[in-house]
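> just coords:
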């Protein structure tokens with residue numbers, strides 16, 4: 001059996017109008033096409049749905065049995081069509097920790113104020129976690145803190161971010177001038193390998209120090225901030241991550257003998273990923289922010 005929605009639609013319209021002529025005008029079909037669709041439906045069901053009374057078609061007991069189910073099917077089909085016309089599906093985002101914890105919440109809140117019914121799903125990990133999630137189609141788009149070198153992914157510059165080296169207010173390094181030597185001999189507390197922040201810090205900063213003492217690796221920025229605040233070492237994170245602590249004076253920015261440390265944040269998606277209207281709209285909110 002191969003009943004089509006078009007046949008169900010023809011049946012419903014013929015029932016409402018009482019003739020194939022009027023149904024054909026409503027459906028923008030020829031009268032012969034309407035008659036053929038109705039005859040095909042009756043043939044598949046093995047019953048007549050209408051009694052022929054002159055030129056009129058009068059619904060019979062079979063047609064009355066079918067009609068409420070036909071209406072239900074057409075309503076469900078309309079709902080499916082509207083679902084994808086309006087792009088109401090959940091947007092799945094994966095972001096590295098700095099972006100997911102400190103940038104995206106405000107962007108998501110702004111988006112939800114304008115589109116309160118559209119669901120958003122956010123997962124947070126390090127940059128490698130995000131890259132794997134995008135490559136495996138587990139999320140629609142990824143936001144990471146460094147460049148992506150995976151060939152099947154499209155990587156686009158998104159935002160600029162400043163990195164800050166910081167210490168506790170009473171840290172020993174503050175007792176003298178900040179030099180490459182004093183930075184090299186200080187204990188460093190850094191993000192784990194695989195983190196976008198760690199990759200950029202290794203490239204922009206640590207490679208220029210005469211020596212380097214890694215005191216600790218921690219898996220999130222909050223833990224690093226607390227460790228530095230308690231005098232366990234110095235670190236380097238996004239200014240966005242420590243802005244409140246710098247303003248409160250619980251952490252102190254170190255003036256470096258190097259150029260300003262900055263990096264580009266990237267947006268990534270799979271080359272074969274369809275960018276829906278809802279996803280494109282959400283990304284525009286992120287870009288405007």
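Received, thanks. These figures come from a predicted structure and were not determined experimentally.
> so what's the spatially most central residue of the chain closest to, chain neighbours aside?
Nearest to the mean C-alpha position of the chain, by CA atoms, centre = their mean, lies residue 93 at 3.0 Å. Residue nearest to residue 93 in three dimensions, not counting chain neighbours: residue 122, with 5.1 Å by CB to CB, 6 or more residues apart in numbering. For every residue, glycine as well, the C-beta is placed using N, CA and C.
> Confirm that neighbour sits in a strand?
Yes: judged by DSSP: H, G, I helix; E, B strand; the rest coil, residue 122 forms part of a strand.
> Can you list the residue ranges for helices in the stretch 151-289 of the chain?
Using DSSP state H, counting those that start in this stretch, the helices found in the stretch 151-289 of the chain span residues 180-185, 196-204, 221-229, 239-248, 277-288.
> Let me see the domain layout of the chain.
5-85, 91-158+265-288, 161-263 (automatic domain parsing).
> Tabulate those domains (TSV), appending mean pLDDT.
Converted to TSV, these look like this (pLDDT from 0 to 100):
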stretch	mean pLDDT
domain 5-85	90
domain 91-158+265-288	90
domain 161-263	91
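> and after the helix or strand harbouring the residue nearest to the centre of the chain, which helix or strand comes next?
Assigned by DSSP states H and E, residue 93 belongs to strand 91-96. Downstream of strand 91-96, the first helix or strand assigned by DSSP H and E is helix 97-98.
> Next up, the contacts around residue 184.
209, 210, 211, 212, 213 (CB atoms under 8 Å, 6 or more residues apart in numbering).
> For it, give its distance to residue 218.
20 Å (CB to CB, to the nearest Å).
> And for residue 67?
Counting by CB to CB, the gap from residue 67 to residue 218 is 66 Å.
> Report the buried residues of stretch 237-247.
Buried residues in stretch 237-247, counting neighbours by 16 or more other CB atoms under 10 Å, are found at 237, 238, 239, 240, 241, 242, 245.
> And stretch 118-129, by the same measure?
Buried residues in stretch 118-129, counted by 16+ other CB under 10 Å: 118, 120, 122, 124, 125, 126, 127, 128, 129.
> Repeat that for stretch 128-146.
128-131, 133-135, 139-146.
> between these, which is closest to residue 2?
Nearest to residue 2, judged by CB to CB, of the buried residues of stretch 128-146 is residue 140 at 34.7 Å.
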